[in-house]
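>>> Just the structure for this:
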Amino acid sequence: MKPDFEKMSRKELRAYVLANREDIEALEFLFSRRTPDKEAIWFHPPKTKQEEQEQFELFKRIVEEKEGNIDSQS
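Now for the predicted structure:
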């Protein structure tokens, strides 16, 4: 019998999916919880080298913050 995905936290569901990779239903349920547009950060193409460097630094900072969040969620 499968667990009730509705009642599972995101962390529990993620752990379940990692342990049961063949369970497509669980994977689809996990994906359905995402809201990518809400989390998206949009970058326009840089027009100058300075803009390119500023965007790179911002992107690097965002990635570092996300990596810190992933480490704390594990």
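
>>> dump the residue contacts of F5.
Listed by C-beta atoms under 8 Å, 6 or more residues apart in numbering, the contact set of F5 reads 13, 16, 25-26, 29. Every C-beta, even on glycine, is put in place using the N, C-alpha and C of the backbone.

>>> which among the residues you listed end up buried?
With burial judged by 16 or more other C-beta atoms under 10 Å, the buried subset of the contacts of F5 is 13, 16, 26, 29.

>>> nearest to E39, of the contacts of F5?
Closest approach between the contacts of F5 and E39, by C-beta to C-beta: L13, at 17.3 Å.

>>> Any buried residues in stretch 11-27, and which?
13-14, 16-17, 23, 26-27.

>>> Just give me the neighbour total for K7.
K7 sits with 8 neighbouring residues when counted by other C-beta atoms under 10 Å.

>>> sorry, that was for T48
Neighbours of T48 (other C-beta under 10 Å): 8.

>>> gap between it and Q55?
According to C-beta to C-beta, to the nearest Å, T48 stands 11 Å off from Q55.

>>> Also I24?
37 Å.

>>> now do S32
Distance, S32 to Q55, using C-beta to C-beta: 31 Å.

>>> Neighbour count for these two, which is higher?
Q55 (14 against 9).

>>> Assess the claim that the more buried one and P46 are in contact.
Yes: applying C-beta atoms under 8 Å, one finds Q55 in contact with P46, separated by 5.6 Å.

>>> coming back round to it: is it possible to get a markdown table of the contacts of F5 that adds distance to K66, pLDDT and secondary structure?
Converted to a markdown table, the contacts of F5 look like this (distance: C-beta to C-beta, whole Å; pLDDT from 0 to 100; DSSP: H, G, I helix; E, B strand; the rest coil):
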| residue | distance to K66 | pLDDT | secondary structure |
| --- | --- | --- | --- |
| L13 | 19 | 93 | helix |
| Y16 | 22 | 95 | helix |
| E25 | 27 | 94 | helix |
| A26 | 24 | 94 | helix |
| F29 | 23 | 91 | helix |
